[in-house]
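A.B. asks: Here is the input, now give the coordinates:
(one chain, ligands or ions: 1)
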Amino acid sequence: MTLIAVGQLTSTASMAHNLRQCQVLVKKAVQAGAKALFLPEATDYIGSSPEETVALVKLVPSSEFVTGLREEARREKLPIHVGVHEPGLDSNKVKNTVLWINDQGEIAHRYQKIHLFDVDIKNGPVLKESRSVERGSQIQPPFETPFGKVGSTICFDIRFPEISLALKRMGADIITYPSAFTVPTGKAHWEILLRARAIETQSYVVAAAQVGRHNEKRVSYGHSMIVDPWGVVLADLGDNSQEPEIATAEIDHELLKKVRTEVPLNRRTDVYPEI
Ligand SMILES: O=C(O)CNC(=O)[C@H](CS)NC(=O)CCC(=O)C(=O)O
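C.D. replies: Here you go, the predicted structure:
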């Protein structure tokens, strides 16, 4: 059994502020005895417009935010999974990525968000992520950790079960959804989507989320969660945005084995295509 933590915060356009919030989360995760910390999508910053999102972006080697987190990971021997922005191939755009910083402070894995959130909800949020973000085009094979194989996806990707099924087929035990969900879509869909992905992949789902007001236009739903392979919500951080918070849960390989043995999901790939 290995204890892991999800961290929840309200990122702003100030990377220095966001790094300080993450340092609080690292301290709390270490005090709790966690062996890894999972942080939300876009933890480095949330801009208030597509232009600001592009203007703020830094290459990883020159990002004080990423350098600061790498120092934390190395000093505390605590691997960190974190959503950030990186420059796009087109200089008017960025990539929305997640990094796995290992306990030596090295970036050992990277995934770029495949599905972009372009929505126009009546009396609700209007967000056009593709104005500032370039989409990725590869599912990355799960990476090894001392507590199992981890497959990464990001936020809106959760609505496309093909990715999590592919990650499961590639051996994932844990699937992550670092997120910044909107409040109306969060209320309607967040927990159901996370539990469905956990149940259908028979894997742990680890979903660190942004919470609260980032700027005059953006509010995030919160409710960072850890769900077990049976679909039980082991941790839920709610929507309090007073201070950065963590929640922890144990990753139990006996439970993974039990669920996968008791309810075998033998696919009929003679009937439908393999994903
Ligand atoms: O803007 C940034 O810099 C970081 N990116 C995000 O916050 C992204 C794109 S706007 N948010 C989502 O994908 C929310 C998905 C969602 O809420 C849903 O699927 O219902």
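A.B. asks: Is the residue lying closest to Lys217 once chain neighbours are set aside in a helix, a strand, or coil?
C.D. replies: Counting by CB to CB, 6 or more residues apart in numbering, the nearest residue to Lys217 once its immediate chain neighbours are dropped is Ser48, at 5.8 Å. In short, each C-beta sits where N, CA and C put it, glycine included. The assignment at Ser48 comes out as coil when based on DSSP: H, G, I helix; E, B strand; the rest coil.
A.B. asks: didn't Ser48 look like it was pressed against Arg213?
C.D. replies: No. Between Ser48 and Arg213 no contact is recorded; they are 11.0 Å apart, counting by CB atoms under 8 Å.
A.B. asks: At which residues are the strands of the stretch 1-150 of the chain located?
C.D. replies: Secondary structure of the stretch 1-150 of the chain (DSSP state E, counting those that start in this stretch): strands located at 2-8, 37-38, 80-87, 94-101, 107-112, 118-120, 126-128, 133-134, 143-145, 148-152.
A.B. asks: ok, residues contacting the third one?
C.D. replies: Residues from elsewhere that reach strand 80-87, judged by CB atoms under 8 Å, 6 or more residues apart in numbering: 22, 26, 36-45, 53, 56-60, 63, 65-66, 69, 72-73, 94-101, 150, 152, 154, 176, 178, 206, 208.
A.B. asks: Now that strand - C-alpha only, PDB.
C.D. replies: As requested, the backbone C-alpha atoms of strand 80-87 are provided in PDB (Å, rounded to 0.1, in the frame of the first residue of the first chain):
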ATOM      1  CA  ILE A  80       5.200  15.600  -8.400                       C
ATOM      2  CA  HIS A  81       2.700  15.300 -11.300                       C
ATOM      3  CA  VAL A  82       1.800  18.800 -12.500                       C
ATOM      4  CA  GLY A  83      -0.100  20.500 -15.300                       C
ATOM      5  CA  VAL A  84       1.700  23.400 -17.000                       C
ATOM      6  CA  HIS A  85       1.900  25.400 -20.200                       C
ATOM      7  CA  GLU A  86       4.700  25.200 -22.700                       C
ATOM      8  CA  PRO A  87       5.400  27.200 -25.900                       C
END
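A.B. asks: now it: how far from the chain's centre is it?
C.D. replies: Relative to the centre of its chain, strand 80-87 is centred 9 Å away, using CA atoms, centre = their mean, to the nearest Å.
A.B. asks: got the angle for it vs strand 107-112?
C.D. replies: Angle between the axes of strand 80-87 and strand 107-112 is 60 degrees (criterion: axes from the mean of the first three to the mean of the last three CA atoms, to 10 degrees).
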